[in-house]
Every structure is written in C-alpha cells, then in structure tokens.
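Asks: how does the following fold in three dimensions:
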Amino acid sequence: MSINIKRAVLAGVVGTIVMTMIGTLVAPMMGMPKMNPADMLASQMGGNAMLGWAGHFMIGIGFAMAYGFLTTSLPGPLAVRGALFGMGPWLMAQVAVMPMMGMGLFSGSMMLAGGSLLGHIMYGAVVALVYGAPSPASRGRVVAA
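Replies: Coordinates of the predicted model:
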C-alpha cells in the first residue's frame with residue numbers, strides 16, 4: 001500500500017474538473033438537468049459558493065488519495081481500475097449523501113443517479129490515468145514527490 005501525495009492531489013484536481021464539466025456541460029446535452037456538486041454543497045453551507053467549491057475539490061482530492069492507497073488492489077488496466085474505484089464514491093453519494101441533502105436514495109431519480117454514475121466513473125478513470133501506476137520502489141510508504 002503506497003501513495004504519492006503530489007500525484008494524488010493533481011489527479012484529484014483534474015478528475016474533479018472533468019467530473020464537474022460532465023455534470024454542468026455534458027449532462028444537459030443528454031437531456032439531464034445540470035448537475036453541479038459544488039452548488040449542491042454550497043446550498044448546505046449557507047449558500048457560500050466558495051465553500052461549496054472548496055469542499056468539492058477537497059472531496060475530489062481525498063478520494064484520489066484513497067485511490068492511491070487502493071490502486072494495487074483493483075483489477076485491470078489503469079482506466080478500468082479508476083472506473084471501478086469511481087463506483088464506490090458514487091454508491092456512497094447515492095445511498096448516504098443525497099438522502100442527507102433531501103434528494104432521496106439514488107438522487108430520487110434513476111436518470112439523475114445514472115448521470116451521476118457516468119460522472120463518477122469518468123472521475124475515477126481520469127484520476128487513475130493522471131495518478132498513474134504505482135512504482136515498485138514506493139510500495140508500502142507515503143511518497144511526497
């Protein structure tokens with residue numbers, strides 16, 4: 001088990017940007033409502049958009065760090081590992097976070113839940129591709145560089 005912190009932070013930022021673009025730009029083109037997790041978080045934080053965006057990126061970076069620890073446990077090539085990983089945060093969001101935000105299980109809509117699943121799978125795949133394969137020398141320790 002190992003993690004490269006700098007790669008995880010970069011992967012989390014890039015993955016979060018891609019996921020946000022899917023929710024805000026691609027989802028509406030597919031007939032779904034615009035999905036912006038930062039706005040949803042902001043609505044739970046007194047409407048402060050800066051807090052929503054900070055929270056959104058902190059969550060994305062945190063999950064990328066978790067991916068760094070789990071990457072060797074996941075099967076397949078990098079993008080597949082990431083896509084599989086992305087299903088975990090999606091399930092947690094749909095079963096715990098969305099109901100806490102008043103949207104119900106699976107966002108209260110299979111269409112919204114499906115759009116969210118697409119975003120999370122893409123997030124995971126991008127995180128995996130940006131994070132890359134763990135180096136044999138870093139196995140078993142946290143690496144800052």
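Asks: which SSE is residue 9 in?
Replies: Here residue 9, judged by DSSP states H and E, is contained in helix 5-21.
Asks: for that helix, buried residues please.
Replies: Buried residues in helix 5-21, counted by 16 or more other CB atoms under 10 Å: 7-16, 18-20. Backbone N, C-alpha and C define where each C-beta goes, glycine included.
Asks: stretch 20-28 too?
Replies: 20, 22, 23, 24, 26, 27.
Asks: next one: stretch 99-117
Replies: 103, 106, 107, 112, 113, 115, 116, 117.
Asks: which ones are touching the residue nearest to residue 61 when sequence neighbours are not counted?
Replies: Once flanking residues are discounted, residue 61 sits nearest to residue 12: 3.4 Å by CB to CB, 6 or more residues apart in numbering. Residue 12 makes contact with 57, 60, 61, 62, 63, 64, 65, 127, according to CB atoms under 8 Å, 6 or more residues apart in numbering.
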